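A.B. asks: Output the structure for:
(chains A and B)
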Amino acid sequence: MAQKTLAGKNLEVTDEGYLQDFNQWNEDIAREIAREEGIELGDEHFQVLNFLREKYQEGANLTIRKVGKSGITDIKGFYKLFPGGPLKKASKIAGIPKPTSCV
Amino acid sequence: MENQEKGKINKVSVICSKGNLEDVYAALVLANGAVMDGKEAKVFFTFFGLDAVIKKRMNKLQTATVGNPALRMPNGARMPKLLGMIPGIQKMVSNMMKKQMDELDVPPVDEFMDMITAGGGEVYACQLAVDMFKVGKEDLSEHVSGILTVGEFYEKAAGEGAQIIFT
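C.D. replies: I've put the predicted structure just below:
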């Protein structure tokens, strides 16, 4: 466990930088985590982040395929939005736990 | 880059030599998992694994109900040997497997390859197998970006933190 200051808030994060409590998340925090990952967030990014947060709250097992079928973007687009590990990076920026799925 | 610093895996080349549903899926899961993690990934289909990149066959792969001692029925009991030989059983068992995989968001073979190539992974066919099975280029799925010899495969598989996996 670690502490991290993001967007002026002191937050509990995992060793890899995932938020411990997804309720503490806000868009400014997302922008700051994204910047650390080298990503500047736009509308489409936020649509994906909100989709992931929604699905996470529903208890769904998050996969790249689900994002590809979300209607927001396709899989290729998802890789472009969050290069080099889209599901992990998007989850981190969305303030939800590290994905555990194999697909 | 970060991976290189930690001495981690940066690149995965998977060789799939079998055409059973589960062997092909194992290769695709490994390759897709690498792509998802931002690693370079290549899958090379050879011998009976070639079925996975033949358009007409890729979505009709089956799991063996004969000679597969680990195969169990839904109640957990071993599949009786003779039952596995009955016509239609292998297809039925394979379809059940596919359905269960789909529930876990493991897509059909062609869609799985869409996912891998969308993330920058590459799919190749083996020259020797193509020659041996007399398969034409037009028979191969559009996911295949080339037909390679062993030497060419090794060239493509080379690199810092690169691993070759045979399934």
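A.B. asks: Show me the residue of chain B that gets nearest to chain A, please.
C.D. replies: The nearest approach of chain B to chain A comes at residue B:38, 3.5 Å away (Cβ to the nearest Cβ). The C-beta positions use only the backbone N, C-alpha and C, and glycine is treated the same way.
A.B. asks: Going by residue numbers, what spans are helices in chain B?
C.D. replies: Secondary structure of chain B (DSSP state H): helices located at B:2-5, B:21-36, B:89-103, B:109-118, B:127-132, B:150-157.
A.B. asks: Now mean pLDDT and mean neighbour count too, for those, in JSON lines please.
C.D. replies: Supplementary listing: the helices of chain B in JSON lines, determined by pLDDT from 0 to 100; neighbours: other Cβ atoms under 10 Å in any protein chain shown:
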{"stretch": "helix B:2-5", "mean pLDDT": "54", "mean neighbour count": "11"}
{"stretch": "helix B:21-36", "mean pLDDT": "97", "mean neighbour count": "22"}
{"stretch": "helix B:89-103", "mean pLDDT": "95", "mean neighbour count": "15"}
{"stretch": "helix B:109-118", "mean pLDDT": "97", "mean neighbour count": "21"}
{"stretch": "helix B:127-132", "mean pLDDT": "97", "mean neighbour count": "16"}
{"stretch": "helix B:150-157", "mean pLDDT": "97", "mean neighbour count": "14"}
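A.B. asks: quick one: which of those is nearest residue B:143?
C.D. replies: Go through the helices of chain B one by one with Cβ to Cβ and the one that ends up closest to residue B:143 is helix B:109-118, at 4.1 Å.
A.B. asks: how about residue 22, what does it touch?
C.D. replies: Chain wasn't specified; assuming chain A. With contacts defined as Cβ atoms under 8 Å, 6 or more residues apart in numbering or on different chains, the neighbours of residue A:22 are A:53, A:56, A:94-97.
A.B. asks: think we crossed wires, I meant chain B
C.D. replies: Applying Cβ under 8 Å, 6+ apart to residue B:22 gives the contacts B:63, B:97.
A.B. asks: distance of it from residue B:113?
C.D. replies: Remark: distance between residue B:22 and residue B:113 (Cβ to Cβ, to the nearest Å) = 17 Å.
A.B. asks: what does residue B:43 give?
C.D. replies: Taking Cβ to Cβ as the measure, residue B:43 falls 8 Å from residue B:113.
A.B. asks: Check residue A:46 too.
C.D. replies: For residue A:46 relative to residue B:113 (Cβ to Cβ), the value is 30 Å.
A.B. asks: got it, and residue A:65?
C.D. replies: Relative to residue B:113, and taking Cβ to Cβ, residue A:65 is found at 13 Å.
A.B. asks: Equivalent analysis for residue A:66, please.
C.D. replies: As defined by Cβ to Cβ, residue A:66 lies at a distance of 18 Å from residue B:113.
A.B. asks: And what about the nearest residue to residue A:56 once chain neighbours are set aside, helix, strand or coil?
C.D. replies: Closest residue to residue A:56 in three dimensions, ignoring its sequence neighbours and counting by Cβ to Cβ, 6 or more residues apart in numbering or on different chains: residue A:96, at 4.4 Å. When classified by DSSP: H, G, I helix; E, B strand; the rest coil, residue A:96 comes out as coil.
A.B. asks: Quick one: name the residues of chain B near chain A.
C.D. replies: Within reach of chain A by Cβ under 8 Å from any Cβ of the partner chain, chain B has these residues: B:29, B:32-33, B:36-38, B:104-107, B:111, B:114-115, B:118-120.
A.B. asks: ok so, going back, residues touching the residue nearest to residue A:56, list them.
C.D. replies: With contacts defined as Cβ under 8 Å, 6+ apart, the neighbours of residue A:96 are A:18-19, A:22, A:52-53, A:56, A:62.
A.B. asks: Buried only: go through the residues you listed for me.
C.D. replies: Those of these that meet the buried threshold are A:18-19, A:52-53, A:56, A:62, by 16 or more other Cβ atoms under 10 Å in any protein chain shown.
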